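Participant: sequence-free structure coming up:
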Ligand SMILES: Cc1cc2nc3c(=O)[nH]c(=O)nc-3n(C[C@H](O)[C@H](O)[C@H](O)COP(=O)(O)OP(=O)(O)OC[C@H]3O[C@@H](n4cnc5c(N)ncnc54)[C@H](O)[C@@H]3O)c2cc1C
């Protein structure tokens, strides 16, 4: 059997390696247009920031390794330019010489990825405007930072006080994870960074109130955000700088511009071969990663996947799914019945020592597709036992089905161990767990790592209390309808308070029940919802109609107070 794999990075390389492990006899050719196979594109922003100092660290395995260890004919600088599915051939062009050769295949795997979106805006090709997709991209950015613009020309060669560089300015366009990671790294390189984002929030996959926390955090660490504004074009300015012009009429001068407007599936070859393209613009594949042509498979950022929670076709450009899909395609090619389960979009981004992570559906996605059978909770548990040094709060939003408690999605932000909570929840979600399962999950615990009630258990307990009716909840968007009871201590009210709320501290509540109405619903607030839970339980058992306002004052003010906790 002869298999040709187009694209030699995440999906392609993992398909090639798996295929060889399963079939020692197959002839495997892996072609990669660029100079490197199997490189760590996820590490590129950190090479810009010098966190990963050596470029060679990004090169996980080179073409020689594929040849010697896997007997894969790995060809770099080799572009697939034409597919002829009827003849089962591919035309390959040597990028350096231009020479074109034709190879036949029995099975073909497409893993061409998704190039960065580069709109045809005026001035987009000016020097100093970069994208972050490949090793050569980051090399060019690093060279530009060191000596590329006239503004900085030669300064890297000076010594002593002359190396005190003028403050340099960077504009990053796009508030997704590549834009944000690059923005952080440019801050580390001493740039004043402005991030321009067309939407009204950064990190589009998460809900706005969670994104706003991240926005407050990155702004405090030196990234200026310009939301609700799109880029309109670029103009050459003095000293080699570029003026970034926005749709609202603003102009931001920049010594370097990073385009991070998202990615678009590469369907060039697929279209040429007449393969089915889905409604989201990606290559349509079945659960075996097979395209509409039974001998052609496609994996990675170029394909549409079924959203694991909503069942909708979606584009999810992540390394984990790409690697798994490459492996599945290899399995299927050798006759195994492997299937891709769909993608949950489980992601994490690290920013200035903190992390934002998420899995499954967001509330805005559920609203967009008209799902009403869901409830959400907010909680702010410590990352580990509060008495052990270094505990930091985690802001969590957990979304679950009202009717049966099934977990639908989760988002978490914090400075310590956010990843393991979302990873645990991601696994639970994929296994079809309910919030009742989260209550019972047995997780690692010693005080430096977690709590006897881990945040994952805690989320399950809070959600299950809601579903069992032990803790009816309400949300701030409907708070004006109820009687607001604040059970915090008066000193806390001096910091932040909800107008019109009556204050009865929890410790006094049993003695002061006479001050509360019996004919109105009482919405109970505290800082995070925990004391309000106890108060709600007291009130319910004393015959009052009461609800806990989910997440308390923290979910009302979110961004401003959370990180200082
Ligand atoms: C800066 C950056 C940071 C990222 N960080 C993360 C992260 O932290 N976590 C995460 O999960 N994901 C991250 N990703 C996304 C992740 O890297 C991708 O989802 C993953 O690499 C997709 O794998 P793929 O095989 O589909 O495409 P790619 O890895 O992009 O590989 C496609 C390759 O195909 C080659 N190719 C295309 N067409 C042809 C052709 N006709 N002939 C020959 N070769 C061709 C291209 O040159 C390219 O090298 C990041 C991506 C970038 C760019």
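Facilitator: Looks like it came in fine. Please read these numbers as outputs of a predicted model, since none were measured by experiment. Residues are numbered from 1 along each chain as shown.

Participant: contacts, neighbours, all on C-alpha from now
Facilitator: Will do.

Participant: grab the nearest non-local neighbour of residue 553.
Facilitator: In this structure, residue 553 finds its nearest non-sequential neighbour in residue 527, 4.7 Å apart by Cα to Cα, 6 or more residues apart in numbering.

Participant: just to be sure, that neighbour is in a strand?
Facilitator: No - secondary structure of residue 527 (DSSP: H, G, I helix; E, B strand; the rest coil): coil, not part of a strand.

Participant: so it makes contact with residue 495?
Facilitator: No - the pair residue 527 / residue 495 is not scored as a contact, 10.9 Å apart, by Cα atoms under 8 Å.

Participant: who has more neighbours, those two?
Facilitator: Using other Cα atoms under 10 Å as the criterion, residue 527 and residue 495 rank with residue 527 on top: 22 against 8.

Participant: who's in contact with the more buried one?
Facilitator: Taking Cα atoms under 8 Å, 6 or more residues apart in numbering, we find residue 527 in contact with 488, 551, 552, 553, 554.

Participant: and the last one, which of the three is it?
Facilitator: The reference is to residue 554. Counting by three-state DSSP, the backbone at residue 554 sits in helix.

Participant: check the gap between whichever residue of the stretch 401-550 of the chain sits closest to the ligand and residue 120 for me.
Facilitator: The minimum distance from the stretch 401-550 of the chain to the ligand, using Cα to the nearest ligand atom, falls at residue 419 (12.5 Å). Distance, residue 419 to residue 120, by Cα to Cα, to the nearest Å: 38 Å.

Participant: and these two? which has more neighbours close in?
Facilitator: Taking neighbours as other Cα under 10 Å, residue 419 and residue 120 compare with residue 419 leading, 20 against 10.

Participant: name the helix or strand for that one, please.
Facilitator: helix 418-430 (DSSP states H and E).

Participant: which residues sit against the very next helix or strand once past that helix?
Facilitator: For helix 418-430, the following helix or strand on the C-terminal side (DSSP H and E) is helix 435-440. By Cα under 8 Å, 6+ apart, the residues outside helix 435-440 that reach it are 400, 405-407, 428, 456-461, 463-464.

Participant: between the residues you listed, which sits nearest residue 370?
Facilitator: residue 400 (14.9 Å; Cα to Cα).

Participant: surely the closest one touches residue 378?
Facilitator: No - applying Cα under 8 Å as the test, residue 400 and residue 378 come out as separate, 11.8 Å apart.

Participant: endpoints of stretch 280-299, how far apart?
Facilitator: End-to-end distance for stretch 280-299: 15 Å, by Cα to Cα.

Participant: buried residues, it. List them.
Facilitator: Buried residues in stretch 280-299, counted by 16 or more other Cα atoms under 10 Å: 280-285, 287-292, 295-299.

Participant: I'd say residue 28 and residue 73 touch.
Facilitator: Yes - in this structure, residue 28 is within contact of residue 73 by Cα under 8 Å, at 6.1 Å.

Participant: so for these two, which residue has more residues nearby?
Facilitator: Between residue 28 and residue 73, counting by other Cα under 10 Å, residue 28 is the more crowded of the two (26 against 18).

Participant: mind listing what's buried in the helix or strand containing residue 459?
Facilitator: In the assignment (DSSP H and E), residue 459 maps to helix 455-468. Residues of helix 455-468 classed as buried: 455-467 (neighbour count, 16+ other Cα under 10 Å).

Participant: find the closest residue to the ligand in the stretch 351-500 of the chain.
Facilitator: residue 357 (11.0 Å).
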